[in-house]
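>>> quick one: sequence and predicted model below, then my questions.
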Amino acid sequence: MLDPKLLRNEPDRVRQALNNRGESTEALDEFLELDKRRRELLVEVEQLKARRNTVSQEVAKMKKAGENADAIILEMREVGDKIKELDEELRTVEERTHHLLLCLPNMPHETVPQGLTEDENVEIERWGEPRHFDFEPKPHWEIASDLGIIDFEAAAKITGARFAFYKGAGARLERALISFMLDIHTTEHGYTEVLPPFIVNRASMTGTGNLPKFEEDAFKLVDTDYFLAPTAEVPVTNYYRDEILTAEQLPVYFVAYTPCFRSEAGSAGRDTRGLIRQHQFNKVEMVKFTTPEKSYEEWAKLVSNAETILQRLHLPYRKLDMCFGDLGFGAAKKNDIEVWLPEANTYREISSCSNFEDFQARRANIRFRPEAGAKPEFVHTINGSGLAIGRTVAAILENYQQADGSVTIPDALVPYMGGLTKISK
RNA sequence: GGAGAGAUGUCUGAGUGGUCGAAAGAGCUCGCCUCGAAAGCGAGUGGGCCUUUGCGGGUCCCGUGGGUUCGAAUCCCACUCUCUCCUCCA
């Protein structure tokens, strides 16, 4: 959510930002108009309330003194009706302005590259050499099926398309990666491990920006106001919703493993095979709460924390600076990390690291007190995958595949695989 | 699922129609005292919104949302959450 004062005082800056993102400015215009009306109503109704309050005091005094107060009581009855009427109108105006605020995307950071499509993201860095294959590399779903470690047909029967059923070394590999990543982030990067609920309520989804605009992307539980969490970002960020932290508590580093559930509405036909785009996938997510002063420093550290995982696994990747159009709804700044997939002969997103500045904090009302007695300010929130597990499995299978169909286990992962160094038939 | 109890400020906790944004204590901040600290003493100590150049002023908030009333933390209704007992259950 943007600061209403920013919209009021610098509408042109906001308009420019929306244009850069390729977004309509309708919501902004409607907001500005209604916001004016809102303040007019507020002044009017508050004056009436002030009058009612003082007169009510007088009623109390008169009654105590045994005087008759019927006349002014009658008059106040009318004032009360008028207040009710104005309050009603105020409520509808406020509901609408609040909704409009919730629908406006974040202001991009000044360093965000120009551009509306993914081709205009700026490649910052490449790490690792894609391996040269002296045989035709297979896609990970073939490798996995041939090895009998993932059964996509079974998942389709049990549930439907875009689900996976892991078996044997495949299931073990998934679990190993979760533990491996959590261990690195907790013991080397200073994160506190948390295990949140996988189901969240509407307020939490709104707090992170997944609602109200993107309800069709989420799985909603029937007859409830609960959603399957699309990412650990939702439950973990909302841990501090409606709270005021002390400056000493910051920065907070949380890392969480959760499954993630996404309806993938609008993705029909894309990445239909394999692990790349599933309705349910596992992810290790890093979430930080910081002061505004430190947020970009902390964000840069978080990006490198994600990179560390790929480096330890010796998986080649590249880092992208996301342009206006690919920033997503809530981010002020975003870097994606893409892992090399040999069969597709391309890099695919495996982590997305965003600085939301105070956008989520404002929605979720997460504040801190810079010092004792000072006014509370909004924290900055930062998060990023560290990493998406399913896509990491895909990358390992493809990058570590052998001519005979077996897959070697990255050295760093061997202890987590109970000493297993190779998956073969 | 059944029965009951409860939800008040940073915390504990009082308050059952008006003088209550809210007693008291704790905590915290500042000052006095002290070589320094503790103790003691004194003062201060919530948030949102609107308004104001500023000082300030106004309004709303006692779990949430409605209602009654000239006036609600206090009365009524619904909901949410917490706790206890029973039932069920991994």
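Structure received.

>>> which residues are in contact with the closest residue to RNA strand B within the stretch 301-425 of chain A?
Closest contact between the stretch 301-425 of chain A and RNA strand B, by CB to the nearest atom of the strand, is at A:Ala372 (4.1 Å). Quick note: C-beta positions are derived from backbone N, CA and C, even for glycine. A:Ala372 is in contact with A:Thr246, counting by CB atoms under 8 Å, 6 or more residues apart in numbering.

>>> what residues does the stretch 101-250 of chain A have near RNA strand B?
A:Ile244 (CB under 7 Å from any atom of the strand).

>>> got the residue ranges for the strands in the stretch 101-250 of chain A?
Counting by DSSP state E, counting those that start in this stretch, the segments of the stretch 101-250 of chain A that form strands are A:122-127, A:192-194, A:199-201, A:226-228, A:243-246.

>>> kindly reformat these as JSON lines containing mean pLDDT, mean neighbour count and distance to A:Lys294.
What follows is the strands of the stretch 101-250 of chain A, written out as JSON lines (pLDDT from 0 to 100; neighbours: other CB atoms under 10 Å; distance: least, CB to CB, whole Å):
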{"stretch": "strand A:122-127", "mean pLDDT": "97", "mean neighbour count": "13", "distance to A:Lys294": "21"}
{"stretch": "strand A:192-194", "mean pLDDT": "94", "mean neighbour count": "13", "distance to A:Lys294": "17"}
{"stretch": "strand A:199-201", "mean pLDDT": "91", "mean neighbour count": "18", "distance to A:Lys294": "27"}
{"stretch": "strand A:226-228", "mean pLDDT": "92", "mean neighbour count": "19", "distance to A:Lys294": "31"}
{"stretch": "strand A:243-246", "mean pLDDT": "86", "mean neighbour count": "14", "distance to A:Lys294": "14"}
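
>>> reformat those strands as JSON lines; add distance to A:Lys220.
Below are these laid out as JSON lines (distance: least, CB to CB, whole Å):
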{"stretch": "strand A:122-127", "distance to A:Lys220": "36"}
{"stretch": "strand A:192-194", "distance to A:Lys220": "24"}
{"stretch": "strand A:199-201", "distance to A:Lys220": "10"}
{"stretch": "strand A:226-228", "distance to A:Lys220": "5"}
{"stretch": "strand A:243-246", "distance to A:Lys220": "26"}
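
>>> residue ranges for the helices of the stretch 151-300 of chain A, please.
Chain-ordered helices for the stretch 151-300 of chain A, with DSSP state H, counting those that start in this stretch as the definition, fall at A:152-158, A:168-187, A:202-208, A:233-237, A:295-312.

>>> quick one on the thing from earlier: among the strands of the stretch 101-250 of chain A, which comes closest to A:Ser354?
Each of these was scored for nearness to A:Ser354 using CB to CB, and the closest is strand A:122-127 (15.1 Å).

>>> what are the pairing partners of the closest one, and which direction each?
strand A:317-321 (antiparallel) (DSSP bridges).

>>> the partner strand: which residues count as buried?
A:Tyr317, A:Arg318, A:Lys319, A:Leu320, A:Asp321 (16 or more other CB atoms under 10 Å).

>>> ok, residues contacting that strand?
In contact with strand A:317-321 (CB under 8 Å, 6+ apart) are residues A:111-113, A:121-128, A:303, A:307, A:310, A:334-340, A:347, A:350.

>>> can you say which of these are buried?
Of these, these count as buried by 16+ other CB under 10 Å: A:112-113, A:121, A:128, A:303, A:307, A:310, A:334-340, A:347, A:350.

>>> and the furthest pair within these?
A:Val112 and A:Gly128 (26.4 Å).

>>> residues contacting the closest residue to A:Trp340 other than its chain neighbours?
Closest residue in space to A:Trp340, ignoring its immediate chain neighbours: A:Pro316 at 4.0 Å, by CB to CB, 6 or more residues apart in numbering. For A:Pro316, the contact set (CB under 8 Å, 6+ apart) comprises A:Arg126, A:Trp127, A:Gly128, A:Glu129, A:Pro130, A:Arg131, A:Val339, A:Trp340, A:Asn399.

>>> hmm, try it at 6 Å
Listed by CB atoms under 6 Å, 6 or more residues apart in numbering, the contact set of A:Pro316 reads A:Gly128, A:Pro130, A:Trp340.

>>> all set now, cheers.
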